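Novice: Mind folding the following:
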Amino acid sequence: MSLPAPLAGLLAAVFLAAAALCTVSLWRRRARHEGPVAAAEANHVVMALGMAAMVLPATATALPPLAGAVLFGVIGVAWTVRLVALRARGRALGSPIGGDRCAAHPTHLLLSNAAMVVMYAVMLPSGGTAGHAGHAGHGAASPLALSAVGVALALYLLVHAGATVAVLVRASAPVAVTVGGGGGPGPVGRFVDAPAVQLGCQAVTGAGMALMLLVH
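Specialist: Below you'll find the predicted structure:
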């Protein structure tokens, strides 16, 4: 199934905006970030850039599918290890919904990276025939198991996006954001820290990732 060019361009713009937002947030809060939170934001930047490239036919193979699947597979394993370690120590993880925009919840990051692995895996050549590059050109049938995993991950992302929007709508107080560096936030800082931007970006990028999984 192919994506219309306007929709592909819109998704690419959304993902690039998300990458820029995470990058600015990571830079502004660098002095206060703990390692896992900074890693989570950096992970969101890489995922957003990967999806922006993948959704456009001209850049779909900028990162070879095998390299993309391995990269996000390794990142997903790292979050799995962290999740297991936190569980073993009895650490409370809190809710994966409604936190800071680049939330460091390992379960959500694990599933998001798994979604990236599925998207790149679908792009791999099958049966000795070169695969179609990019989501705009997927025509070969993917294995049933891979498709089932993709649909399950898409449903999770859609539920997460909907729940995030619900949290934002119900919020009665602004989300507190700790900012690193000196001085008060300027216009850019206030925009980046706004709850509507933080949570809205989470919801939109999650829904965009789900759409890409469903049309592969």
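
Novice: can we go C-alpha only for contacts and neighbour counts from here?
Specialist: Noted.

Novice: Which elements pack onto the longest helix along the chain?
Specialist: Ranked by residue count, the top helix of the chain under DSSP state H comes out as helix 144-170. Applying 3 or more C-alpha pairs under 8 Å, 6 or more residues apart in numbering; DSSP states H and E, we find helix 144-170 packed against helix 106-122, helix 195-214.

Novice: closest one to Leu16 among these?
Specialist: Among the helices and strands packed on helix 144-170, helix 195-214 comes nearest to Leu16, with 10.0 Å by C-alpha to C-alpha.

Novice: and the angle for that closest one with helix 144-170?
Specialist: With axes from the mean of the first three to the mean of the last three C-alpha atoms, to 10 degrees defining the directions, helix 195-214 sits at 160 degrees from helix 144-170.

Novice: who touches the nearest residue to Ala154 once chain neighbours are set aside in this structure?
Specialist: Nearest residue to Ala154, sequence neighbours excluded (C-alpha to C-alpha, 6 or more residues apart in numbering): Ala210, at 4.2 Å. The contact partners of Ala210, by C-alpha atoms under 8 Å, 6 or more residues apart in numbering, come to Leu153, Ala154, Leu155, Leu157, Leu158.

Novice: The second one touches Thr205, doesn't it?
Specialist: No - proximity of Ala154 to Thr205 does not meet the contact threshold set by C-alpha atoms under 8 Å, at 11.9 Å.

Novice: Check the gap between Ala18 and Ala203 for me.
Specialist: Per C-alpha to C-alpha, to the nearest Å, Ala18 is found 11 Å from Ala203.

Novice: Same check on Val24?
Specialist: 18 Å.

Novice: Also Leu63?
Specialist: From Leu63 to Ala203 the distance is 25 Å (C-alpha to C-alpha).

Novice: now this protein, which segments are flagged as low pLDDT?
Specialist: 1, 29, 31-34, 92, 94-95, 98-104, 127-142, 171-186, 188-189, 193 (pLDDT under 70).

Novice: coming back round to it: want to try a markdown table for the contacts of Ala210, with distance to Leu199 and neighbour count as columns?
Specialist: What follows is the contacts of Ala210, written out as a markdown table (distance: C-alpha to C-alpha, whole Å; neighbours: other C-alpha atoms under 10 Å):
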| residue | distance to Leu199 | neighbour count |
| --- | --- | --- |
| Leu153 | 20 | 22 |
| Ala154 | 18 | 24 |
| Leu155 | 19 | 17 |
| Leu157 | 14 | 25 |
| Leu158 | 14 | 20 |
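
Novice: Same list (those) but as CSV, adding distance to Leu214.
Specialist: Rendered in CSV, the data for these read as follows (distance: C-alpha to C-alpha, whole Å):
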residue, distance to Leu214
Leu153, 9
Ala154, 7
Leu155, 9
Leu157, 11
Leu158, 11
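
Novice: Between those residues, which sits nearest Arg30?
Specialist: When these are compared for distance to Arg30 (C-alpha to C-alpha), Leu157 wins out at 27.9 Å.

Novice: That closest one and Thr205 touch, don't they?
Specialist: No - with contact defined as C-alpha under 8 Å, Leu157 and Thr205 do not form a contacting pair (9.3 Å).

Novice: ok, so what distance separates His160 from Pro6?
Specialist: For His160, the distance to Pro6 equals 25 Å [C-alpha to C-alpha].

Novice: Neighbour count: the two, which is higher?
Specialist: In terms of neighbours (other C-alpha atoms under 10 Å), His160 is the more surrounded of His160 and Pro6; the figures are 20 against 9.
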